[in-house]
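Chemist: Just to be clear, the model below is a prediction. Sequence and coordinates:
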Amino acid sequence: MRISEIAALVGVTTRAVRHYHHLGLLPEPARLANGYRQYSVRDAVALARIRRLTELGLGLDEVRDEIADDAGHELADVLAELDADLARQENEIRARRARLAALLARAAEGPLTTEDELSPELAAFFAELGPGESTSPMAAKDRELLALLETAAPAEERDRLMAAVRSTAASPGAVAQAHRVYALLDELADAEPSDARVEVAARALADCLPPELTAQITANAGAVATADQGFLKAFLADFAPAQAAAVRRAMVIVSQEGG
């Protein structure tokens, strides 16, 4: 294959191929008598892997390290890895198409809402909370956060989130307990962090958290105690001081009792 042919086959530009050669990511192939590069199937597999790794978000330096770590793998191993990755992508596409089909069916019945954009599990959880939560500022904030995490979190974190949602939804009295926690936190909107109600709200919140979340908090007890994680800082910054104190205290309670 010529450079234009391998580039077209893999779906990159000839400029990208030359750039990968320049960086040492893609070995120089043998050249014909006229000086043209002659690429093989192995070269195409290597180029496809570079494209796949960059599409996954790796920088070119990270791609170089990844390729170096895998040096010496047989072509069959590389092909098997590519096939497994394609299977994963196929499953993801199938799941997305199923979700789109459900949305299109819903759109045929009437205008879509922001609730329709959520996963069925999260939408069902919100529906179970009922309309009573709509007057609670803390409940609205909680819904926004869950929707954000479901959208932005990596697949593994998203799976843990959905497991926590399922666990909470299945717990007897979970809805009533959630409403109580929202009310207690709403009452702290204008309170001082030293207010005695902070401890009451913290205990109620700690008791309300699902096992999947308490296990994760316990595993990160050190960071929880000082609230020094970037996301946690941003999360707490959106709360009133007493509310943030209650959330932080609840996480400390969970980490101590779970340890």
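Modeler: Sure thing, it's come through.
Chemist: Tell me who's in contact with Ala237.
Modeler: Applying CB atoms under 8 Å, 6 or more residues apart in numbering, one finds that Ala237 lies in contact with Ala244. The way it works is simple: take the backbone N, C-alpha and C, and place the C-beta from them, glycine included.
Chemist: Leu205: helix or strand, and which one exactly?
Modeler: Under the criterion DSSP states H and E, the helix or strand holding Leu205 is helix 197-208.
Chemist: List the buried residues of the strand or helix carrying Val175.
Modeler: Element membership of Val175, judged by DSSP H and E, is helix 174-186. Across helix 174-186, burial judged by 16 or more other CB atoms under 10 Å covers 174-175, 177-182, 184-186.
Chemist: would TSV of those with pLDDT be doable?
Modeler: Converted to TSV, these look like this (pLDDT from 0 to 100):
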residue	pLDDT
Ala174	79
Val175	80
Gln177	87
Ala178	85
His179	87
Arg180	91
Val181	92
Tyr182	91
Leu184	95
Leu185	94
Asp186	94
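Chemist: tell me the contacts of the spatially closest residue to Val200 that is not a sequence neighbour?
Modeler: Here the nearest residue to Val200 in space, its sequence neighbours aside, is Leu184; by CB to CB, 6 or more residues apart in numbering that works out to 6.3 Å. Contacts for Leu184 (CB under 8 Å, 6+ apart) come out as 197, 200-201, 204-205, 246.
Chemist: For those, pick the one with the most neighbours.
Modeler: Using other CB atoms under 10 Å as the contact criterion, the top neighbour count among the contacts of Leu184 goes to Ala246, which has 30 neighbours.
Chemist: Outside of the helix holding Leu205 itself, list whatever touches it.
Modeler: Contact with helix 197-208 is made by 174, 177-178, 180-181, 184-185, 187-188, 191, 214, 242-243, 245-247, 249-251, 253-254, 257, as judged by CB under 8 Å, 6+ apart.
Chemist: For the top helix by length along the chain, what does the pLDDT average out to?
Modeler: Of all the segments assigned as helix in the chain under DSSP state H, the longest by residue count is helix 75-107. pLDDT averaged over helix 75-107 equals 78, rounded to a whole number.
Chemist: Against which helices or strands is that helix packed?
Modeler: Contact here means 3 or more CB pairs under 8 Å, 6 or more residues apart in numbering; DSSP states H and E; on that basis helix 75-107 packs against helix 41-55.
Chemist: Now do the helix it packs on: which elements does it pack against?
Modeler: Using 3+ CB pairs under 8 Å, 6+ apart as the contact criterion, the secondary-structure elements in contact with helix 41-55 are helix 3-10, helix 14-23, helix 60-69, helix 75-107.
Chemist: any idea which of the ones you listed is most buried?
Modeler: Per-stretch averages of neighbours, counted by mean count of other CB atoms under 10 Å, single out helix 3-10 among the helices and strands packed on helix 41-55, with a mean of 16.
Chemist: what's the angle from that helix to helix 14-23?
Modeler: Angle between the axes of helix 3-10 and helix 14-23 is 100 degrees (criterion: axes from the mean of the first three to the mean of the last three CA atoms, to 10 degrees).
Chemist: picking that back up, and the following helix or strand past the longest helix of the chain, what's buried?
Modeler: Using DSSP H and E, the helix or strand that follows helix 75-107 towards the C-terminus is helix 120-129. Buried residues in helix 120-129, counting neighbours by 16+ other CB under 10 Å, are found at 122-123, 125-126, 129.
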